[in-house]
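# Okay, structure incoming, though there's no sequence with it:
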């Protein structure tokens with residue numbers, strides 16, 4: 001019996017040591033997971049979009065013209081806000097629209113507009129006072 005007890009005492013640490021090494025080899029195998037190799041690099045399409053330059057020209061009473069510096073070759077977003085920051089219009093200029101587009105807001109009270117023009121990457125913002133140059137408005141309250 002003395003021999004069996006001695007064998008059991010040695011067998012337990014050996015089994016424990018073998019289990020430890022086996023578990024370690026599983027971890028090493030789990031880290032060597034095969035992944036597909038990338039063979040090409042792709043970039044987003046809007047990475048090379050140009051900056052949109054534009055000008056605003058007043059056409060009179062709450063009307064103005066947006067003039068692009070160059071014809072746009074892609075969709076260009078136009079957002080027009082009143083002076084309080086409320087979005088009045090969200091428009092899209094298409095390449096077929098050309099370099100100019102007129103806007104008429106005679107139905108609104110605001111005469112100052114903030115226009116944001118841009119594409120997926122760049123936005124520019126300008127404001128315009130859409131009243132004919134040199135014409136002052138007379139208040140109806142003062143006329144009475």
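Happy to help now that I have it. Note that the structure is a prediction, hence the values are computed from the model and not measured.
# I'd say residue 103 and residue 63 touch.
Yes: counting by Cβ atoms under 8 Å, residue 63 is a contact partner of residue 103 at 6.8 Å. In this view, the C-beta of every residue, glycine as well, is placed from N, C-alpha and C.
# neighbour-wise, which of those two wins?
residue 103 (20 against 16; other Cβ atoms under 10 Å).
# what helix or strand is that one on?
strand 100-104 (DSSP states H and E).
# What helices and strands are in contact with that strand?
Under the contact criterion of 3 or more Cβ pairs under 8 Å, 6 or more residues apart in numbering; DSSP states H and E, strand 100-104 touches strand 63-68, strand 87-93.
# could you pull out the helices for this structure?
If DSSP state H is used as the criterion, the helices of the chain fall at 2-31, 140-143.
# which one of these has the lowest average pLDDT?
Between the helices of the chain, the lowest average pLDDT goes to helix 140-143, which shows a mean of 47.
# Poorly predicted segments of the chain, please.
For the chain, residues meeting the criterion pLDDT under 70 lie at 1-9, 20-38, 42-49, 132-144.
# Perfect, that will be all.
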